[in-house]
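Engineer: no sequence for this one, just the structure:
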């Protein structure tokens, strides 16, 4: 148990009065009442638990728009868990998502990184190029029907100017992860996939999660976007499509992503 896990006796166990609010497939989540109401999250993957805890600690140090981490398990706990402050907030409506993301994203992308890749629980890379090549090798191995696509993306990564300064990325932006508080504040939840990297990868992944046929509608979230930013956005968009085609547990998502990668409209 980590030092901050002693708050109000939080120990990762599910209290009898807890109400399960699980929505995803990889974790289980409960709402716990008490003197300090909190959200208890059990993870199927210990590396995701370590990464989310590290991200929330970093965000707290920068007073960024994210939940407060109340407690977290040590690496030996089974299952791994975090306890996060309960939020009196609701998901931002899809029609407002892009407009309302601008301010919290700007705050997050001002937080500098020390390497490329996840904050904890996974390999850390010295360059953005190394990180992208590592990811592409994983996706190619899981999607043997798309070797030509993976090969082209490897070449494009090498041809790009990858002198990137790493910044914090949420890297799992989607409807439901941006909340609106009672005073109109906006904050982002679910930080288990956070990485340090190029902020344009954040937008490309969002375009995939929004099921867009083209990623350019998210480009206005980048201040001073130019042709270079647009080209980089399209490259990252295809990398994230390959990730879905290779790793998604939903067959329809895999097929849709592969279809976009092989379709005539993809650059």
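Structural biologist: Done, it's in. Bear in mind that the values here come from a model prediction, so they are computed numbers and not experimental data.

Engineer: how many residues are close by residue 245?
Structural biologist: 25 (other Cβ atoms under 10 Å). The C-beta positions use only the backbone N, C-alpha and C, and glycine is treated the same way.

Engineer: now swap in residue 214 and tell me
Structural biologist: 14.

Engineer: give the helix, strand or coil label for it.
Structural biologist: Under the three-state scheme (DSSP: H, G, I helix; E, B strand; the rest coil), residue 214 adopts coil.

Engineer: contacts for stretch 106-117, please.
Structural biologist: 58-59, 62, 64-65, 123-128, 130-131, 134, 164-170, 188, 195-197, 199, 202, 223 (Cβ atoms under 8 Å, 6 or more residues apart in numbering).

Engineer: can you tell me which of those residues are in strands?
Structural biologist: 167-169, 188, 195-197 (DSSP state E).

Engineer: neighbour-wise, give me the winner out of the residues you listed.
Structural biologist: Of the ones in strands among the contacts of stretch 106-117, with other Cβ under 10 Å as the count, residue 195 tops at 27 neighbours.

Engineer: who does that one bridge with?
Structural biologist: residue 118, residue 169 (DSSP bridges).

Engineer: how close does residue 89 sit to residue 101?
Structural biologist: 15 Å (Cβ to Cβ, to the nearest Å).

Engineer: looking at the two, which is more packed in?
Structural biologist: Neighbours were counted for residue 89 and for residue 101 using other Cβ under 10 Å; residue 101 has more, 23 against 17.

Engineer: just checking, the more buried one touches residue 178?
Structural biologist: Yes - taking Cβ atoms under 8 Å as the definition, residue 101 is a contact partner of residue 178 at 6.0 Å.

Engineer: give me the common contacts of those two.
Structural biologist: Common neighbours of residue 101 and residue 178 (Cβ under 8 Å, 6+ apart) are residue 186.

Engineer: how does the chain divide into domains?
Structural biologist: 3-85, 90-262 (automatic domain parsing).

Engineer: just the ones in strands among the contacts of stretch 106-117 now: which is nearest residue 215?
Structural biologist: Lowest distance from residue 215 to those (Cβ to Cβ) belongs to residue 169, with 15.4 Å.

Engineer: roughly how far does that closest one sit from residue 248?
Structural biologist: Applying Cβ to Cβ to residue 169 and residue 248 gives a distance of 20 Å.

Engineer: ok, now residue 108?
Structural biologist: 25 Å.

Engineer: packing partners for the helix or strand hosting residue 41?
Structural biologist: If you go by DSSP states H and E, residue 41 is part of strand 38-43. Packing contacts for strand 38-43, counted by 3 or more Cβ pairs under 8 Å, 6 or more residues apart in numbering; DSSP states H and E, involve strand 27-32, helix 46-61, strand 81-85.

Engineer: dump the residue contacts of residue 160.
Structural biologist: 129, 232, 235.

Engineer: which among these gets closest to residue 157?
Structural biologist: residue 129 (6.0 Å).

Engineer: now do that closest one, the pLDDT please.
Structural biologist: For residue 129, the pLDDT comes out at 96.

Engineer: just the pLDDT at residue 266, thanks.
Structural biologist: 53.

Engineer: oops, could you answer that again for residue 183 instead?
Structural biologist: pLDDT at residue 183 comes out at 82.

Engineer: using the three-state scheme, assign it.
Structural biologist: coil.

Engineer: show me what the helix ranked longest in the chain is packed up against.
Structural biologist: In the chain, taking DSSP state H as the definition, the longest helix is helix 227-247. Counting contacts by 3+ Cβ pairs under 8 Å, 6+ apart, helix 227-247 packs against helix 128-142, helix 147-159, helix 199-209, helix 251-262.

Engineer: would TSV of the ones you listed with mean neighbour count be doable?
Structural biologist: Output for the helices and strands packed on helix 227-247, formatted as TSV (neighbours: other Cβ atoms under 10 Å):
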stretch	mean neighbour count
helix 128-142	18
helix 147-159	15
helix 199-209	24
helix 251-262	16
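
Engineer: which one of the ones you listed lies closest to residue 93?
Structural biologist: helix 199-209 (15.7 Å).
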